[in-house]
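*Asks:* show me how the following folds:
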Amino acid sequence: MKNWKFYNALFARVLFVMILFFFCSFLIFKMFYYNAFLVGFFGVLMLFEMYFFVKNRLLFYDRTLISMLQKDFSTNFPEENKKDNFKNLYLLYESLKDQQQDQTSKEIVYQSILNSIDTAALILEKEGEEWNIFLMNDCFSSLFKVPKVSHWKYLKNYLPSLCSEIENVGFSDLKSAISIKIEEQDLQTFVLQTSRAKSYNKEYFIILLDSIQCVIEKKEKEAWINLMKIISHELMNSLTPIRALSQNLLHIVDQEKLDDDDFDDIKSSISTIINRSDHLQVFVENYRKLAMLPTPTKIMTPINSLFDDCLRIMAPILKAENIELVNEINSSRSILIDKNQIEQVIINLITNSIYALKEKSEKKIFLSSYTENNRFFIIISDNGKGIDSEIRDKVFLPFFTTRKDGAGIGLTLSKNIIEAHGGYL
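*Replies:* Okay, the predicted model is just below:
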């Protein structure tokens, strides 16, 4: 750092002190002791002045550097030191101050994001061989009734089962279910996910916990909202024209004289009202099928017999649609099912495949099965384009359909039947 003014001022002081002491020595040599004493005294004063001049300059450097090392930018850089000798130091100070403020802003944003999510998050930071709590979001603190402690050993007093689980695997990556007792409540099950991350000389351990009950409740709420939207849509599609037509009929019959056109309008309106009423009746009947699914009457049923009966029913439709069915199921095993209900599921799935192959020139449906871990799996697939990713999460919603003539209950009903048998579709 080229502080020429400082060097010039220091050089002038050193030169002046040397001249004073040289002149003092000359006076002593000439035996002017009184004058030599005065000159020497001024020389000593100049030495002290030069000492404090250098010391103040070095102290300012020292204080500024310590402030930067400790990341303390609370005091402003003095205006008189922003130029000349301290210009480069000022630029360094301001650069580090901006970086610190930027880092603090980012940390506030990250913490706000973590506090806004519904997942309990805990981040540990390794110091030596010990883990300390770097960050605990509000969800974790409120969910487990834990104050925002700073040390792992304190957290063990509140959540011993969680801490023991993590310590047992040596703070390594983990994904599992864990049961945790919160205060005096019953055990609750959570999905636990952990991971380690390194940044320069720092090591972090991230812990995420999701309440399975909360996830289920959230999914149920979303399902009910979607169901209400579909039901409202269906009802409004029928009730709106029925109301409009009823008002039109009321207007017509209030006339003193009716002509042939009026009678035609009455017939047309009544016909439309009947059609929409029939649609509503079918809609309600379909809803009853879903809501009042009978308990399965299970009997031991041979697998081959089950599929033979289903394929016998579907054979005419498959032939008419020119669809090749590849049946690779050949098992002597019997399973405990309600044969009529499972037949309905298989027929529904094959029917879906038939519609999925409408635009294909070469049409194939594949049936296969396998047994794993004492569970029986049935696979029904086709060479169609598959389910679009946009609607994949909606296919099991009641009354959701992509077909103009579809009721939207086939897959929902099939799913309910399979789940009533303890299975999964």
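*Asks:* mean confidence score for the helix or strand containing Phe11?
*Replies:* Per DSSP states H and E: Phe11 is located in helix 4-29. For helix 4-29, mean pLDDT is 75.
*Asks:* oh, and call the first residue 29 from now on, that's how I've got it
*Replies:* Renumbered: residue one is now 29, and that last one reads helix 32-57.
*Asks:* mind listing what's buried along that helix?
*Replies:* Buried positions in helix 32-57, judged by neighbour count with 16 or more other Cβ atoms under 10 Å: 34, 37, 41, 45, 48-49, 51-52, 55. (C-beta placed from N, C-alpha, C; glycine too.)
*Asks:* over to stretch 133-142?
*Replies:* For stretch 133-142, the neighbour count (16+ other Cβ under 10 Å) marks Leu142 as buried.
*Asks:* which other helices and strands does the helix or strand hosting Ile136 contact?
*Replies:* Using DSSP H and E, Ile136 falls within helix 115-144. If you count contacts as 3 or more Cβ pairs under 8 Å, 6 or more residues apart in numbering; DSSP states H and E, helix 115-144 packs onto helix 61-97.
*Asks:* average model confidence for the helix it packs on?
*Replies:* Rounded mean pLDDT across helix 61-97 is 74.
*Asks:* do stretch 180-199 as well
*Replies:* For stretch 180-199, the mean per-residue pLDDT is 84.
*Asks:* endpoint to endpoint, that stretch covers what distance?
*Replies:* Terminal residues of stretch 180-199 are spaced 12 Å apart (Cα to Cα, to the nearest Å).
*Asks:* helices along the protein, start to end?
*Replies:* Using DSSP state H, the helices of the chain run over 32-57, 61-97, 115-144, 166-171, 180-186, 188-196, 240-281, 288-319, 331-348, 367-384, 438-448.
*Asks:* the last one to helix 367-384, inter-axis angle?
*Replies:* Think helix 438-448. Counting by axes from the mean of the first three to the mean of the last three Cα atoms, to 10 degrees, helix 438-448 lies at 150 degrees to helix 367-384.
*Asks:* tell me the gap between helix 438-448 and the middle of its chain.
*Replies:* 30 Å (Cα atoms, centre = their mean, to the nearest Å).
*Asks:* what number of residues are in the vicinity of Ile419?
*Replies:* Neighbour count of Ile419, defined by other Cβ atoms under 10 Å: 12.
*Asks:* from Val373, how far out is it?
*Replies:* The gap separating Ile419 from Val373 is 20 Å, by Cβ to Cβ, to the nearest Å.
*Asks:* now the helix holding Ile136: how far from the chain's centre is it?
*Replies:* Remark: helix 115-144 is offset 26 Å from the chain centroid, using Cα atoms, centre = their mean.
*Asks:* report the rounded mean pLDDT for that helix.
*Replies:* 77.
*Asks:* hmm, who's touching the longest strand seen in the chain?
*Replies:* Longest strand of the chain, by residue count under DSSP state E: strand 215-227. Residues from elsewhere that reach strand 215-227 (Cβ atoms under 8 Å, 6 or more residues apart in numbering): 148, 190, 193-194, 199-210, 231-241, 243.
*Asks:* if we use 7 Å, what do you get?
*Replies:* 194, 201-210, 231-241 (Cβ atoms under 7 Å, 6 or more residues apart in numbering).
*Asks:* mind checking which of these are in strands?
*Replies:* Going by DSSP E, the strands hold 202-209, 231-239 from the contacts of strand 215-227.
*Asks:* buried among the residues you listed? Make that a ChimeraX selection.
*Replies:* Filtering the ones in strands among the contacts of strand 215-227 down to the buried ones (16+ other Cβ under 10 Å) takes a single ChimeraX command:
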select :202,206,208,232,233,234,235,236,237,238,239
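*Asks:* sorry, back to before: how much does the helix holding Phe39 deviate in direction from helix 61-97?
*Replies:* Using the same axes, to 10 degrees: helix 32-57 against helix 61-97 is 160 degrees.
*Asks:* now helix 32-57, how far from the centre of its chain.
*Replies:* With Cα atoms, centre = their mean as the basis, helix 32-57 stands 73 Å off its chain's centre.
*Asks:* and that helix, what other elements does it pack with?
*Replies:* Applying 3 or more Cβ pairs under 7 Å, 6 or more residues apart in numbering; DSSP states H and E, we find helix 32-57 packed against helix 61-97.
*Asks:* output the contacting helices and strands for the helix it packs on.
*Replies:* On a contact count with 3+ Cβ pairs under 7 Å, 6+ apart, helix 61-97 meets helix 32-57, helix 115-144.
*Asks:* I'd like the ones you listed as CSV, with distance to Thr300 appended.
*Replies:* Below are the helices and strands packed on helix 61-97 laid out as CSV (distance: least, Cβ to Cβ, whole Å):
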stretch, distance to Thr300
helix 32-57, 97
helix 115-144, 50
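*Asks:* of these, which is nearest Glu157?
*Replies:* helix 115-144 (25.8 Å; Cβ to Cβ).
*Asks:* tell me what angle the closest one forms with helix 61-97.
*Replies:* Taking the same axes, to 10 degrees, one finds helix 115-144 and helix 61-97 inclined to each other by 30 degrees.
*Asks:* close enough to count as contact, Asp166 and Leu142?
*Replies:* No. Checked against Cβ atoms under 7 Å, the pair Asp166 and Leu142 is beyond contact range at 8.2 Å.
*Asks:* what do the two both touch?
*Replies:* With Cβ under 7 Å, 6+ apart, Asp166 and Leu142 have no common neighbours.
*Asks:* list the contacts of stretch 49-59.
*Replies:* 63-64, 67-68, 71.
*Asks:* from Tyr182, how far off is the residue nearest the centre of the chain?
*Replies:* Central residue of the chain (Cα atoms, centre = their mean): Ile145, 7.5 Å from the mean position. For Ile145, the distance to Tyr182 equals 24 Å [Cβ to Cβ].
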